[in-house]
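*Asks:* requesting a structural model of the entry that follows:
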Amino acid sequence: MLAKRIIPCLDVDKGRVVKGRKFQNIQDVADPVELAKRYNEAGADELVFYDITASNEDRDIFLDVVENVAREIAIPFTVGGGIRTVEDIHKVLRSGADKVSINSAAVSNPEIIKKAALKFGSQCIVLSIDAKEVAENSWQVYINGGRKNTGIDAIEWAKRGEQLGAGEIVINAIDADGEKDGYNIALTKAIADVVNIPIVASGGAGTIQHFADVLKEGAADAALAASVFHYEEISIPELKDYLESDAITVRSENEWK
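*Replies:* From the prediction side, this is the model:
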């Protein structure tokens, strides 16, 4: 069985790690380089970096911050935010990212997934989907940091993303973001059931049990979280010990070192 992954997420605005609720009420948290080093040493399996205002502000991602983080960590590193072209993807990979996450640009130009996967390999291309429930068991895709509803069905979009060449999908449940009431199991499972690429669940982690639930019941391959790690409410070694005791396979702390 493939090991399940635990992934801290750094939402970055103006060079600082921030955190909000339901993509709003953004608060300053920490320096991204220092936080990244802490997670690298704590046994995180990967790290995700999102420049959360780059797309909405129509500007390029902060490549200097990406370079500084990449220099300090040994674990796989995914970067997203403000990615609009294949050249943008190339710049981010050249700055030290292992994978690039595409969200808003993929919705407006789906061919970017196909072109990027052909050029850099599917393993480098992550389709990030921000989804909000619009009716019972029905979710639509939002873009520009959760600000704009596209009207696109999230399940169908995930299927198309895989067909175009994405190697992984991150599913961000906007309704659960920052609430700490648990991941959206129904949404995660609905997408896991229709694609054959890894699924990363995002939004809603509040307890260790929430991770176990989404990795088992939600059929997620990885669980992403921010505030519970940033504020040291859950430690990654403690989390992994718990998951192992619940018969969930995880990587050992020093596997990437």
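
*Asks:* biggest strand in the protein, by residue count?
*Replies:* What stands out as the longest strand in the chain, according to DSSP state E, is strand 125-135.

*Asks:* mind checking how far whichever helix or strand comes after that strand is from the chain centre?
*Replies:* Note on strand 125-135: by DSSP states H and E, the next helix or strand toward the C-terminus is strand 138-143. Mean-position distance between strand 138-143 and its chain equals 16 Å (C-alpha atoms, centre = their mean, to the nearest Å).

*Asks:* same thing with stretch 124-133?
*Replies:* Between the centre of stretch 124-133 and the centre of its chain there are 8 Å (C-alpha atoms, centre = their mean).

*Asks:* where does this protein have its least confident helix or strand?
*Replies:* Lowest by mean pLDDT, DSSP states H and E among the helices and strands of the chain is strand 24-30, with a mean of 58.

*Asks:* distance-wise, check the residue most central in space within the chain relative to residue 211.
*Replies:* Centroid check for the chain by C-alpha atoms, centre = their mean gives residue 170 as the closest residue, at 5.0 Å. As defined by C-beta to C-beta, to the nearest Å, residue 170 lies at a distance of 15 Å from residue 211. Every C-beta, even on glycine, is put in place using the N, C-alpha and C of the backbone.

*Asks:* repeat that for residue 246.
*Replies:* As defined by C-beta to C-beta, residue 246 lies at a distance of 9 Å from residue 211.

*Asks:* could you do residue 147 as well?
*Replies:* For residue 147, the distance to residue 211 - C-beta to C-beta - is 28 Å.

*Asks:* contact partners of the helix or strand harbouring residue 88?
*Replies:* Here residue 88, judged by DSSP H and E, is contained in helix 86-94. Helix 86-94 is contacted by residues 60-61, 63, 66, 79, 82-83, 100, 102, 112, 115-116, 119-120, 124-125 when judged by C-beta atoms under 8 Å, 6 or more residues apart in numbering.

*Asks:* which residues of this structure score low on pLDDT?
*Replies:* Within the chain, the stretches with pLDDT under 70 are 1, 15, 19-29, 52-61, 253-257.

*Asks:* what are the boundaries of the strands in it?
*Replies:* For the chain, the strands defined by DSSP E occupy 5-13, 16-21, 24-30, 47-51, 77-80, 99-102, 125-135, 138-143, 148-153, 168-173, 199-202, 222-225.

*Asks:* just checking, what packs against the fifth one?
*Replies:* So that's strand 77-80. If contacts are counted by 3 or more C-beta pairs under 8 Å, 6 or more residues apart in numbering; DSSP states H and E, strand 77-80 sits against strand 47-51, helix 63-72, strand 99-102, strand 125-135.

*Asks:* ok, the shortest one: who's next to it in the sheet?
*Replies:* Translated: strand 99-102. In the sheet, strand 99-102 lines up against strand 77-80 (parallel), strand 125-135 (parallel) (DSSP bridges).

*Asks:* follow-up on the earlier one: quick one: distance of the helix holding residue 88 to the chain centre.
*Replies:* On C-alpha atoms, centre = their mean, the centre of helix 86-94 falls 18 Å from that of its chain.

*Asks:* tell me the buried residues in that helix?
*Replies:* For helix 86-94, a neighbour-count test (16 or more other C-beta atoms under 10 Å) marks 88, 89, 91, 92, 93 as buried.

*Asks:* can I get that helix in CSV? Just the C-alpha atoms.
*Replies:* Extracted as CSV, the C-alpha positions of helix 86-94 are listed here (Å, rounded to 0.1, in the frame of the first residue of the first chain):
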residue,chain,number,x,y,z
VAL,A,86,3.8,27.4,-19.5
GLU,A,87,6.7,29.9,-19.1
ASP,A,88,5.4,30.8,-15.6
ILE,A,89,5.5,27.0,-14.8
HIS,A,90,9.1,26.8,-16.1
LYS,A,91,10.2,29.8,-14.0
VAL,A,92,8.7,28.2,-10.8
LEU,A,93,10.3,24.8,-11.5
ARG,A,94,13.6,26.6,-12.2
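
*Asks:* the inter-axis angle of that helix versus strand 125-135?
*Replies:* Computed by axes from the mean of the first three to the mean of the last three C-alpha atoms, to 10 degrees, the angle separating helix 86-94 from strand 125-135 equals 110 degrees.
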